[in-house]
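[1] dropping a prediction and its sequence here:
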Amino acid sequence: MRTPMIAGNWKMNTTVSEAIELVREMRQGLDKIDNVDKVICPPFISLVAVGELIKGSSIKLGAQNIYFEGKGAYTGEISPLMLVDLCEFVIIGHSERRQYFNENGGIVNKKVRAALAVGLKPILCVGERLEENEAGRTKEILIEQLKASSARIYYLSGMIIAYEPVWAIGTGRAATGEQANETISLIRRNIARLYSDGLAQDMRILYGGSVTAANTTEFMKQPEIDGALVGGASLKATEFLSIVTQTSAIK
Ligand code: 13P
């Protein structure tokens with residue numbers, strides 16, 4: 001059995017004091033729900049303060065990015081070693097990083113390897129762009145992204161995959177539950193091909209892209225979907241709590 005997971009990707013939103021306020025609003029409600037892994041991913045500068053606030057609760061912390069080197073002259077970057085004491089998860093290969101910061105498959109692979117090497121659990125994002133989807137290339141793109149991300153990695157311990165079709169992110173145009181279920185099943189079959197059936201069956205694969213309290217049920221009733229990576233709706237305490245509560249009731 002895979003424990004469902006709802007992760008909130010706050011992206012480049014909230015000052016430190018806004019982050020503290022947001023966590024205060026959702027902390028108690030989230031803590032009460034125990035059959036779902038609840039992960040929040042605030043900006044780097046708020047990780048310490050948020051980490052303090054959720055200490056002793058069942059809420060887990062994730063970062064939104066890492067650099068792949070351990071330390072050294074890389075001005076402005078944050079290494080896996082700096083994060084490992086602060087958080088359990090790290091989002092890697094988000095489409096916004098691929099699109100705006102030129103992160104290609106090779107870079108994503110280095111980051112996944114660097115995270116796994118120190119025991120951080122990657123939330124690896126994959127997903128096709130609108131034009132790729134319309135050209136019927138979704139399967140090919142996803143297989144390519146999975147292969148590139150996992151090259152020379154022999155065991156993906158603790159890794160989570162988030163299927164985030166780029167056309168559904170921040171657009172209000174979510175995939176349907178059935179579409180997402182089918183694509184996630186394809187991803188799982190390919191993980192089985194690249195690794196093993198056992199690892200694929202154990203791996204949590206989330207859906208992301210315009211998930212809200214209003215469409216959570218549609219996604220969570222699908223058997224292949226193990227949870228969600230939530231953007232905009234994770235910045236509203238009551239909405240995020242509702243997404244987690246509904247997930248807990250369905251899964
Ligand atoms: P939205 O939920 O705002 O569409 O963002 C999804 C996402 O990119 C999460 O990583």
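    Perfect, I can see it now. Residues are numbered from 1 along each chain as shown.

[2] residue boundaries of the strands in the stretch 151-251 of the chain?
    Counting by DSSP state E, counting those that start in this stretch, the stretch 151-251 of the chain has strands at residues 160-163, 204-208, 227-230.

[3] hey, which of the ones you listed is tucked in deepest?
    Highest mean neighbour count among those (mean count of other Cβ atoms under 10 Å): strand 227-230, with a mean of 29. Heads up, the C-betas are built off the backbone N, CA and C, glycines and all.

[4] does any part of that strand sit near the ligand?
    Yes. Shown here: strand 227-230 in contact with the ligand (Cβ under 6 Å from any ligand atom) through 229-230.

[5] parallel or antiparallel, list what pairs with that strand.
    Counting by DSSP bridges, the strands paired with strand 227-230 are strand 5-9 (parallel), strand 204-208 (parallel).

[6] kindly export it (C-alpha atoms) in CSV.
    Presented in CSV, the C-alpha positions along strand 227-230 are these (Å, rounded to 0.1, in the frame of the first residue of the first chain):
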residue,chain,number,x,y,z
GLY,A,227,-1.8,12.3,-4.3
ALA,A,228,-1.1,15.7,-5.6
LEU,A,229,1.5,18.4,-6.0
VAL,A,230,-0.5,21.6,-5.5
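
[7] write out the residues of the stretch 151-251 of the chain neighbouring the ligand.
    Residues of the stretch 151-251 of the chain lying near the ligand (Cβ under 6 Å from any ligand atom): 164, 169-170, 208-211, 229-233.

[8] filter the residues you listed to the buried ones?
    The neighbour-count test (16 or more other Cβ atoms under 10 Å) marks 164, 169, 208-211, 229-233 as buried among those.

[9] okay, now His151: neighbour count?
    For the record, residue 151 is Ala, not His. By the criterion of other Cβ atoms under 10 Å, Ala151 has 15 neighbours.

[10] now do the contacts for it.
    105, 109 (Cβ atoms under 8 Å, 6 or more residues apart in numbering).

[11] for the ligand, give me its nearest residue in the stretch 151-251 of the chain.
    The ligand sits closest to Gly231 of the stretch 151-251 of the chain, with a gap of 2.2 Å, by Cβ to the nearest ligand atom.

[12] can you classify the residue of the chain positioned farthest from its centre by secondary structure?
    Each residue of the chain has a distance to the centre, and by Cα atoms, centre = their mean the biggest one is for Ala73: 28.4 Å. The local conformation at Ala73, judged by DSSP: H, G, I helix; E, B strand; the rest coil, is coil.

[13] let me see the confidence value for it.
    On the pLDDT scale, Ala73 is placed at 98.

[14] what does Ser157 give?
    81.

[15] now it. Nearest residue, chain neighbours left out?
    Leu116 (6.7 Å; Cβ to Cβ, 6 or more residues apart in numbering).

[16] mind checking the strands paired with strand 227-230 for the one nearest to Leu120?
    strand 5-9 (13.9 Å; Cβ to Cβ).

[17] now that closest one: average pLDDT?
    98.

[18] CA atoms of the following helix or strand past it as PDB?
    Note on strand 5-9: by DSSP states H and E, the next helix or strand toward the C-terminus is helix 16-32. C-alpha atoms of helix 16-32 as PDB (Å, rounded to 0.1, in the frame of the first residue of the first chain):
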ATOM      1  CA  VAL A  16       9.200  34.900   5.800                       C
ATOM      2  CA  SER A  17       6.500  36.500   7.900                       C
ATOM      3  CA  GLU A  18       3.800  35.500   5.400                       C
ATOM      4  CA  ALA A  19       5.100  31.900   5.400                       C
ATOM      5  CA  ILE A  20       5.000  31.800   9.200                       C
ATOM      6  CA  GLU A  21       1.400  33.100   9.200                       C
ATOM      7  CA  LEU A  22       0.300  30.600   6.500                       C
ATOM      8  CA  VAL A  23       1.800  27.700   8.500                       C
ATOM      9  CA  ARG A  24       0.100  28.900  11.700                       C
ATOM     10  CA  GLU A  25      -3.200  28.800   9.900                       C
ATOM     11  CA  MET A  26      -2.900  25.300   8.600                       C
ATOM     12  CA  ARG A  27      -0.700  23.600  11.200                       C
ATOM     13  CA  GLN A  28      -3.400  22.300  13.600                       C
ATOM     14  CA  GLY A  29      -5.800  21.100  10.900                       C
ATOM     15  CA  LEU A  30      -3.100  19.300   8.900                       C
ATOM     16  CA  ASP A  31      -1.600  17.700  11.900                       C
ATOM     17  CA  LYS A  32      -4.800  15.900  12.800                       C
END
